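K.L.:
test case, fold it:
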Amino acid sequence: MPGEKKYIYNEQANAYEIDRRSVRAALYKTGAVLIAGLAGFLLYFFLFALRPGHETPKARLLASRNMAMAEQLELLGGRISEQEQELLDFSLRDNLVYRPVFGMEEIPAETREAVLGGDDRYSAFLGLEHQALLTSAARRVDLLTRKAYVQTMSFDAVKVFSSRAGDMASCIPSIYPVNPATVQMTSPFGARFHPIKQEIVFHEGVDLAGPAGQNVYATGDGVVESAEVNFHGYGNVVVIDHGFGYKTRYAHLQEMKVIAGQVVIRGDIIGTLGSSGLSTGPHLHYEVLYRGEHVNPWNFLNPDVSPEEYNKMMRNG
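P.N.:
The predicted model follows:
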């Protein structure tokens, strides 16, 4: 057994003694093994760790993993680009098709692009080998998440409006604001010579002249946005917000019969025809606005409606 003492017979002493030579031999053998192992380690360290151009197996493994990680980051960047393009297509259709259909305003680019926080959000990547790739990917994912959130909220709003699509027909202004049998158009939409200012101005509505005191009707369902007096302009004027991007204005009224915030239905009486404000005679100045822009009211009037049919449409006529 290893470490077991050996004995030899000493004839002179007529006794058994420990064999000192075997102990020395074992020590020499152990020392030789240790020296040989140390020499092998130093030779390995010199060949693979100190010589330029050579890497240890562990270093080569780490380098391989780093290369694989870089490739994965590149693939991730490509997939992010695909998602960015798809989301861009969604946002374009949203702004150019879905929202305009229901008279909704476009979502500004700065709203879609906004990202919370600064560069400190990516400080965890500082000093890493692929810091630039990691930071870029994280920033793009954050922006993509923000855009997706805004787009989701927009689609939710469009869904609400689309559920009211059946109400749209009754909200869009589409009838005469006064009985067409009792009035005549004296000034159309567009450029004209102003009878009071004595200059060419753009007429933002149509003027329908007729007997003072006759009823003026809401041309579509909506909510009265304002009912106020403008002595040097529109006179007594009512503005109705119909939703879906539409508003109508009724000016120079003799009397207003609604108040701000009141819900009205197409055909409700909102006032009477008059000559208040900057006016030369009894008439109704009527405007239609779509998404904040004046449009020609004539396009929303149906001249083929008979007086009898018109009267049937009026709720309080």
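
K.L.:
summarise which helices and strands the helix or strand harbouring residue 71 is packed against.
P.N.:
Per DSSP states H and E, residue 71 falls inside helix 57-93. The contact analysis (3 or more CB pairs under 8 Å, 6 or more residues apart in numbering; DSSP states H and E) places helix 57-93 against helix 131-163. No exception for glycine: its C-beta is placed from N, CA and C like everyone else's.

K.L.:
now with 10 Å, please.
P.N.:
Contact partners of helix 57-93 among helices and strands, from 3 or more CB pairs under 10 Å, 6 or more residues apart in numbering; DSSP states H and E: helix 109-113, helix 131-163.

K.L.:
where along this protein do the strands fall?
P.N.:
Counting by DSSP state E, the chain has strands at residues 7-10, 15-18, 184-187, 190-193, 200-203, 206-209, 215-217, 222-230, 235-243, 246-256, 263-264, 269-273, 283-290, 293-295.

K.L.:
out of these, which is closest to residue 70?
P.N.:
Minimum separation from residue 70 across the strands of the chain (CB to CB) falls at strand 293-295, 52.5 Å.

K.L.:
partners of that closest one in the sheet?
P.N.:
Here strand 293-295 is paired, per DSSP bridges, with strand 283-290 (antiparallel).

K.L.:
can you give the distance from the strand it pairs with to the centre of its chain?
P.N.:
Averaged C-alpha coordinates place strand 283-290 at 34 Å from its chain's average position (CA atoms, centre = their mean, to the nearest Å).

K.L.:
repeat for stretch 271-291
P.N.:
40 Å.

K.L.:
now it: buried residues?
P.N.:
For stretch 271-291, burial by neighbour count (16 or more other CB atoms under 10 Å) applies to 271-279, 282-290.

K.L.:
how far off helix 131-163 does the helix holding residue 71 point, in degrees?
P.N.:
Using axes from the mean of the first three to the mean of the last three CA atoms, to 10 degrees, the direction of helix 57-93 lies 30 degrees away from that of helix 131-163.
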